[in-house]
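Q: structure of the sequence below:
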Amino acid sequence: MDIAIRPVEPGEYDTLGEITAQAYLQDGLLDFGESDAYLGELRDVAKRAAAAEVLVAVADGKVLGGVTFVPAGGPMADISGPGEAEIRMLAVARAARGRGAGEALVRACLDRARAADGCVRVVLSTQSSMRAAHRIYERLGFVRAPERDWKPLPHVDDISLLAYELTLS
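A: So this is what the prediction gives:
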């Protein structure tokens, strides 16, 4: 199967938003299920596309998943600093997993980071239970950066995000 990676089109915002929301819900990554406030952020592809570059993986005319690439200094950055790009909200539809879409999306982000002036590193945050994503990141050369781990909700102790980084060569 040939997977193409390209910027999301406005007519795909709802599809990608639902793929992203369902990926997080089905994998048990949202503590409060459908009432989780972050779910709205996951579904709001138009907002992400206005602030960063949202990419989709497409095969046979169907969106399989997507990712948000935040260039250095972008408004959607969570943990990146000067000279660092960030990858956010990687999600692949459950039915499309294991076919290379996730890895292709991450590789496309790395290509964009390498092409950006002054970008020396790519960083990302992930939950400890996202083991399939961890395997992709590690296979592509990302290493754990535990000194950058953080809590998105300081008042909720059981949600902690793990940080990974890849220094570009």
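
Q: C-terminal to the worst-scoring helix or strand of the chain on mean pLDDT, what's the next element?
A: Lowest on mean pLDDT, DSSP states H and E among the helices and strands of the chain sits helix 38-43, with a mean of 85. Using DSSP states H and E, the helix or strand that follows helix 38-43 towards the C-terminus is helix 45-51.

Q: that following helix packs against which elements?
A: When contacts are defined as 3 or more CB pairs under 8 Å, 6 or more residues apart in numbering; DSSP states H and E, helix 45-51 packs onto helix 13-26. From N, CA and C alone the C-beta is placed, and that goes for glycine too.

Q: tell me the buried residues in the helix it packs on?
A: Residues of helix 13-26 classed as buried: 13, 15-21, 23-24 (neighbour count, 16 or more other CB atoms under 10 Å).

Q: tell me which of those residues is nearest to residue 95?
A: Nearest to residue 95 among these is residue 19, at 9.9 Å by CB to CB.

Q: now do the contacts for the closest one.
A: Residues near residue 19 by CB atoms under 8 Å, 6 or more residues apart in numbering: 63-66, 91-93.

Q: which of these fall in strands?
A: Within the contacts of residue 19, residues falling in strands by DSSP state E are 63-66, 91-92.

Q: neighbour-wise, which of these leads?
A: residue 66 (30 neighbours; other CB atoms under 10 Å).
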